[in-house]
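> sequence first, then the predicted structure, then my questions.
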Amino acid sequence: VQLVESGGALVQPGGSLTLSCAASGFAFDDYAIGWFRQAPGKEREEVSCINSDGSTWYSDSVKGRFTISSDNAKNTVYLQMNNLKPEDTAVYFCALDLGSTCEDYTYWGQGTQVTVSS
């Protein structure tokens, strides 16, 4: 199993960014994949999840600004982030939940840095 995040960058407040999580080594459309973030000095926070049935979940901190989606043909999950705020600055990780519950993650990517600053 391999998860590789990409798309992190420096962006100004109010800007947009799309992160990608490319997955391999498992039946991509059978499980749930979540996006997490961790800012310096803070605990890791789950921000979104997409399940095998296409259902999605968002934390209150990103609801209405972030959109998770998947492209099964490309084995890739995306996180579209709009109206970015400085408090969105963090390393963003994707993770695989073999139980498809969006609660119990087994495999993790290495992360991609998102910095929101003027």
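The structure has been received and is ready for your questions.
> who's in contact with the closest residue to D30 other than its chain neighbours?
Among residues not flanking D30 along the chain, S52 sits closest, at 5.5 Å (Cβ to Cβ, 6 or more residues apart in numbering). Where C-beta positions appear, they are placed from N, C-alpha and C, glycine not excepted. Going by Cβ atoms under 8 Å, 6 or more residues apart in numbering, S52 touches D29, D30, Y31, A32, S100.
> what's across from F93 in the sheet?
F36 (DSSP bridges).
> start at 35 instead
Sounds good: first residue 35 from here, last item F127.
> what about the residue lying closest to G48 once chain neighbours are set aside, which SS state?
Leaving aside its chain neighbours, G48 sits nearest to N117 (6.0 Å; criterion: Cβ to Cβ, 6+ apart). At N117 the chain is in coil, as set by DSSP: H, G, I helix; E, B strand; the rest coil.
> could you do G98 as well?
Under three-state DSSP, G98 comes out as coil.
> could you count how many residues lie near it?
Residues near G98, counting by other Cβ atoms under 10 Å, number 9.
> one more: N116?
N116: 14 neighbours (other Cβ under 10 Å).
> can you give me the pLDDT of the residue positioned nearest the centre of the chain?
What sits nearest the mean C-alpha location of the chain, by Cα atoms, centre = their mean, is W69, with 2.7 Å. For W69, the model assigns a pLDDT of 98.
> next, the contact list for it, please.
Applying Cβ under 8 Å, 6+ apart, the residues near W69 are 53, 55, 80-83, 102, 111, 113, 126-129.
> repeat that for 6 Å
V81, S82, L113, C128 (Cβ atoms under 6 Å, 6 or more residues apart in numbering).
> what about those residues, which are in strands?
Among the contacts of W69, the ones falling in strands (DSSP state E) are V81, S82, L113, C128.
> on that earlier part again, now the residue nearest to G48: how far from V45?
11 Å (Cβ to Cβ, to the nearest Å).
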